[in-house]
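**Student:** Just to be clear, the model below is a prediction. Sequence and coordinates:
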Amino acid sequence: MSETKDDFEAGLSKASTQVADFTRHRSPLERLQHILHANPTLVPVMVLLFGIAVFGIIVGERFFNSFTLTLILQQVAIVGIVGVAQTLIVLTAGIDLSVGAIMVLSSVIMGQFAVTLGIPAPIALFCGLALGTICGIINGVLVAVVRLPPFIVTLGTWFVFEAANFIYTQNQTIRAQDVEAAAPLLQFLGNTFRIGGAVFTYAVVAMAGLVLLFYYILNHTAWGRHVYAIGDDLDAARLSGIRTTKTLISVYAVSGLICGFAGWALIGRLGSISPTSGYEANIQSITAVVIGGTSLFGGRGSVFGTLIGALIVGVFAMGLRIWGTDPQWTRLTVGALIILAVAADQWIRKASA
């Protein structure tokens, strides 16, 4: 009996003491996938820097100077502002095709009230912003309460708001001279100021301010966390106690308010008020959101990424224009970037699976 015990203890002393390791060792490609999943703006930042470097080399000083680079900022300001609104919707796994129509309708109301009806400019501005908010609430109620798909809802309201715009204005444009004489406040965001050789508009400052504001709201407030949670999993968010209906309506309302603000910036950009301007803003904002790394499936992305996406489009458009290429090459490049961005998003999302 003692010999058996001694043999058992001797065998036990020779046994391995290593603890079982169930950790899955990732390949370098999988580690890259997880890094990009944790930092969704990393890819668009690299694309932006690549574009600036390439056109800086090819075009030279004509591209790589303060005036040209700030001109790009001026040109993407409106898309950047509308892109913030679109980002909020896409983060909830929705999409808004009516943002451009809301923007133009808001600008028309501001102009008609201030110039044609003689209402004081601050009140007309407030009415335009209020109308944008109401349009957003209509979208939000149809999506969150009636439970219609966001794509169908906003496709329908796009046509409704567009038609309302043409019916109200009878397709008449208000001249820049008339706006300047009756309500110069409406053109304020188009005014410029210089810092060295760079020329900025107040719309650029407004865009940067909105991006910073909503970056803070989305990342440091309960409302922002609820927006991400709804986009990630609506049912799980509801079961966790989030008022999903109320939050969704508020998201669309805030988006409409931002579109109204973009209408103010549109007047500053054009000087005049035209019912036919700015209708590509819906496609342009979606482009900026997608290229900026925000997932169309919701729950992942940032307003900084959208700003970078807008800048990428601006850099490629400006660089190709200065290079003297056919304008269709810009559309081809942007289309390719959209496809690559969605493909990259699909691949990166597998990291969370």
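**Tutor:** In hand now; what should we look at? What you see is a predicted model; the values in this text were computed from it and never measured. Numbers count the residues shown, from 1 in each chain.
**Student:** drop to CA atoms for contacts and neighbour counts, all remaining ones
**Tutor:** Noted.
**Student:** and the residue positioned nearest the centre of the chain, what does it touch?
**Tutor:** Central residue of the chain (C-alpha atoms, centre = their mean): Gly83, 3.2 Å from the mean position. Residues near Gly83 by C-alpha atoms under 8 Å, 6 or more residues apart in numbering: Ser285, Ile286, Ala288, Val289, Val303, Thr306, Leu307, Ala310.
**Student:** and the host helix or strand of Gly140, how far from the chain's centre?
**Tutor:** Per DSSP states H and E: Gly140 is located in helix 121-144. Chain-centre distance of helix 121-144: 19 Å, with C-alpha atoms, centre = their mean, to the nearest Å.
**Student:** just stretch 236-249 next, same as before
**Tutor:** Distance, centroid of stretch 236-249 to centroid of chain: 22 Å (C-alpha atoms, centre = their mean).
**Student:** Quick one: mean pLDDT for the helix holding Gly140?
**Tutor:** Averaged over helix 121-144, pLDDT sits at 97.
**Student:** how many neighbours does Ala336 have?
**Tutor:** The tally of other residues near Ala336 (other C-alpha atoms under 10 Å) stands at 11.
**Student:** Out of the contacts of Gly83, who's the most crowded?
**Tutor:** Val289 (34 neighbours).
**Student:** doesn't Gln86 make contact with that residue?
**Tutor:** Yes. The pair Val289 / Gln86 is scored as a contact, 7.2 Å apart, by C-alpha atoms under 8 Å.
**Student:** Pull out the buried positions in stretch 176-189.
**Tutor:** Ala176, Asp178, Val179, Glu180, Ala182, Ala183, Pro184, Leu185, Leu186, Gln187, Phe188, Leu189 (16 or more other C-alpha atoms under 10 Å).
**Student:** Just the ones of those residues in helices?
**Tutor:** Residues of the buried residues of stretch 176-189 located in helices (DSSP state H): Ala176, Asp178, Val179, Glu180, Ala182.
**Student:** isn't the third one right next to Gly271, touching?
**Tutor:** In other words, Val179. Yes. With contact defined as C-alpha under 8 Å, Val179 reaches Gly271; the gap is 7.4 Å.
**Student:** what's the overlap in contacts for the two?
**Tutor:** Gln187.
**Student:** Gly190: neighbour count?
**Tutor:** With other C-alpha under 10 Å as criterion, Gly190 counts 22.
**Student:** Out of the contacts of Gly83, the closest to Ala124 would be?
**Tutor:** Comparing the contacts of Gly83 against Ala124 with C-alpha to C-alpha places Ser285 closest, at 25.7 Å.
**Student:** pLDDT score assigned to Thr17?
**Tutor:** We have a pLDDT of 63 for Thr17.
**Student:** Buried residues of stretch 267-286, list them for me.
**Tutor:** Buried positions in stretch 267-286, judged by neighbour count with 16+ other C-alpha under 10 Å: 267-269, 271-275, 277-279, 281-286.
**Student:** what's the pLDDT at Leu320?
**Tutor:** For Leu320, the model assigns a pLDDT of 87.
**Student:** can I assume it is in contact with Gln328?
**Tutor:** No. Counting by C-alpha under 8 Å, Leu320 does not reach Gln328; the two are 9.9 Å apart.
**Student:** the more surrounded of these two?
**Tutor:** Higher neighbour count among Leu320 and Gln328: Leu320, with 21 against 10, using other C-alpha under 10 Å.
**Student:** Doesn't that one lie inside a helix?
**Tutor:** Yes. Per DSSP: H, G, I helix; E, B strand; the rest coil, Leu320 lies within a helix segment.
**Student:** I'd like to know how far it sits from Val199.
**Tutor:** According to C-alpha to C-alpha, to the nearest Å, Leu320 and Val199 sit 21 Å apart.
**Student:** Kindly report the same for Cys135.
**Tutor:** Taking C-alpha to C-alpha as the measure, Cys135 falls 34 Å from Val199.
**Student:** lowest average confidence, helix or strand, in this structure?
**Tutor:** Across the helices and strands of the chain, mean confidence by mean pLDDT, DSSP states H and E is lowest for helix 2-13: a mean of 61.
**Student:** what sits against Gly56?
**Tutor:** Counting by C-alpha under 8 Å, 6+ apart, Gly56 makes contact with Phe63, Phe64.
**Student:** check which helix or strand covers it.
**Tutor:** Counting by DSSP H and E, the element that carries Gly56 is helix 42-58.
**Student:** give me the element His34 is part of.
**Tutor:** Using DSSP H and E, His34 falls in helix 28-38.
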